[in-house]
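S.K.: Any chance you could fold what I've pasted below:
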Amino acid sequence: MNARKIAAAALVLVASTLNSVSAQAQTPLYSAESDYQEYCASCHGSKAKGDGAIAKSLLRRPSDLTTLRRRNHGRFPGERVFDAVDGRRSFVHGDSDMPAWAEVFANAAESRGKEKAVARIDALVRYLQTLQVK
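M.R.: Numbers count the residues shown, from 1 in each chain. Next up is the predicted model:
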């Protein structure tokens with residue numbers, strides 16, 4: 001009888017550990033909101049208004065990212081925002097100070113590789129869409 005209880009407890013413990021490991025494997029080591037605060041807020045501001053700590057020292061004032069939909073006739077320009085964050089198309093940034101984040105994310109340990117970097121940028125674009133003013 002005790003052996004059965006011990007075996008059952010061991011099975012529960014193993015299943016619980018496997019579920020925890022599986023959940024951790026599916027959870028990315030980053031989030032779009034934390035990426036925004038870490039990589040974007042210094043220029044665009046913590047509230048995405050274009051008033052970050054270093055905004056005044058840049059060649060061009062960073063965009064107010066909360067008005068993208070309004071400035072595009074009520075449509076959020078997701079593809080253009082993706083291209084701007086991605087940065088591999090040089091025409092997007094022109095003479096701006098904005099880095100090309102695709103390269104940064106593709107080399108980051110938590111999103112190594114082009115595919116994961118694209119997914120990370122896509123998540124960031126979706127996050128920016130949630131910040132749009134009414």
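S.K.: Spatially nearest residue to the most centrally placed residue in the chain (excluding sequence neighbours)?
M.R.: Nearest residue to the geometric centre of the chain (C-alpha atoms, centre = their mean): A32, 2.9 Å. Closest residue to A32 in three dimensions, ignoring its sequence neighbours and counting by C-beta to C-beta, 6 or more residues apart in numbering: Y127, at 3.5 Å. Placement of C-beta: from N, CA and C, glycine included.
S.K.: Next one: that neighbour from P62, what distance?
M.R.: 16 Å (C-beta to C-beta, to the nearest Å).
S.K.: Settle it for me: which of those two has more neighbours?
M.R.: More neighbours surround P62 than the other of Y127 and P62, with 21 against 18 (other C-beta atoms under 10 Å).
S.K.: The residue nearest to A32 in helix, strand or coil?
M.R.: When classified by DSSP: H, G, I helix; E, B strand; the rest coil, Y127 comes out as helix.
S.K.: From Q37, how far off is it?
M.R.: Shown here: Y127 relative to Q37, a distance of 10 Å by C-beta to C-beta.
S.K.: now swap in R88 and tell me
M.R.: With the distance defined as C-beta to C-beta, R88 ends up 23 Å from Q37.
S.K.: Which parts of the protein are helices?
M.R.: Secondary structure of the chain (DSSP state H): helices at 2-26, 32-35, 41-44, 68-71, 78-86, 90-93, 101-107, 114-130.
S.K.: So which bits of the fourth one are buried?
M.R.: Residues 68-69 are the ones in helix 68-71 that count as buried (16 or more other C-beta atoms under 10 Å).
S.K.: distance between that helix and the chain's centre?
M.R.: For helix 68-71, the distance between its averaged C-alpha position and the chain's averaged C-alpha position is 20 Å (C-alpha atoms, centre = their mean, to the nearest Å).
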